[in-house]
Structure formats: C-alpha cells, structure tokens
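Peer 1: Here is my input, please return the structure:
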Amino acid sequence: MRIEEIVSKALEKVNNDRYVLSLAVGQRADELSKGAKPLLENSTVKNMKYTDIAINEIASGVLSIEGFAEKI
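Peer 2: Residues are numbered from 1 along each chain as shown. Okay, the predicted model is just below:
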C-alpha cells in the first residue's frame with residue numbers, strides 16, 4: 001500500500017485532524033524507540049522506521065487513539 005493511502009486511512013481514524021495524528025504518531029514512535037513491541041506482524045515491520053510502524057498501526061486499527069475510537 002502506498003504511503004498516501006496509509007495516511008488517508010490513519011486520518012479517518014482521527015476525524016481528519018492532522019495535528020492529533022502527528023501527536024499520536026510521534027508518541028507511539030517514541031514508545032517503540034524505547035522498546036515497546038509493535039502491534040503489527042514482525043515480518044511487516046522488519047525494515048520500517050518507528051514512525052512508519054506507528055502510522056500503520058493507527059491506519060490498520062490495531063492502535064486506537066483515546067477519544068477518537070470509531071463509533072459503532
């Protein structure tokens with residue numbers, strides 16, 4: 001999947017708020033850099049940067065941002 005598609009999906013999860021998304025990605029990337037385990041499959045994150053992992057986690061829905069959980 002292209003980065004534009006991933007970012008678009010991630011933005012949908014936060015009501016298209018780029019500021020909230022950038023804060024969430026930054027915070028999650030920091031957690032990953034300090035040893036947090038990625039929530040995605042190991043084979044997919046092998047050669048990815050922390051920020052790429054974070055945005056993919058948000059876009060795929062395995063990482064939810066408090067206050068922006070999708071409403072059913």
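Peer 1: all contacts plus neighbour counts: C-alpha atoms, from now on.
Peer 2: Noted.
Peer 1: Pull out the buried positions in stretch 55-71.
Peer 2: Neighbour-count burial for stretch 55-71 flags Ile55, Asn56, Glu57, Ile58, Ala59, Leu63, Ser64, Ile65 (criterion: 16 or more other Cα atoms under 10 Å).
Peer 1: now what about that stretch, what contacts it?
Peer 2: 6-11, 13-15, 24-25, 39-40 (Cα atoms under 8 Å, 6 or more residues apart in numbering).
Peer 1: ok, now stretch 3-10?
Peer 2: Outside stretch 3-10, the residues touching it (Cα under 8 Å, 6+ apart) are Leu21, Ile55, Asn56, Ile58, Ala59, Ser60.
Peer 1: and the first one, what element?
Peer 2: What it means is Leu21. Taking DSSP states H and E as the criterion, Leu21 maps to helix 18-33.
Peer 1: With Ile55 as the reference, measure out to Val2.
Peer 2: I think there's a mix-up here, since residue 2 is Arg and not Val. Plainly put, Arg2 is 12 Å away from Ile55 if you go by Cα to Cα, to the nearest Å.
Peer 1: One more: Ile6?
Peer 2: Distance from Ile6 to Ile55, by Cα to Cα: 7 Å.
Peer 1: cool, Thr44 as well?
Peer 2: Distance from Thr44 to Ile55, by Cα to Cα: 13 Å.
Peer 1: Ok, Ile65 next?
Peer 2: On the measure of Cα to Cα, Ile65 and Ile55 end up 11 Å apart.
Peer 1: for the protein, what spans make up the helices?
Peer 2: Along the chain, counting by DSSP state H, helices occupy 3-13, 18-33, 42-45, 50-60.
Peer 1: Touching the third one from outside, list them.
Peer 2: Read that as helix 42-45. By Cα under 8 Å, 6+ apart, helix 42-45 touches Pro38, Ile53.
Peer 1: buried sites along that helix?
Peer 2: Buried-residue list, helix 42-45, by 16+ other Cα under 10 Å: empty.
Peer 1: Poorly predicted segments of this structure, please.
Peer 2: 67-72 (pLDDT under 70).
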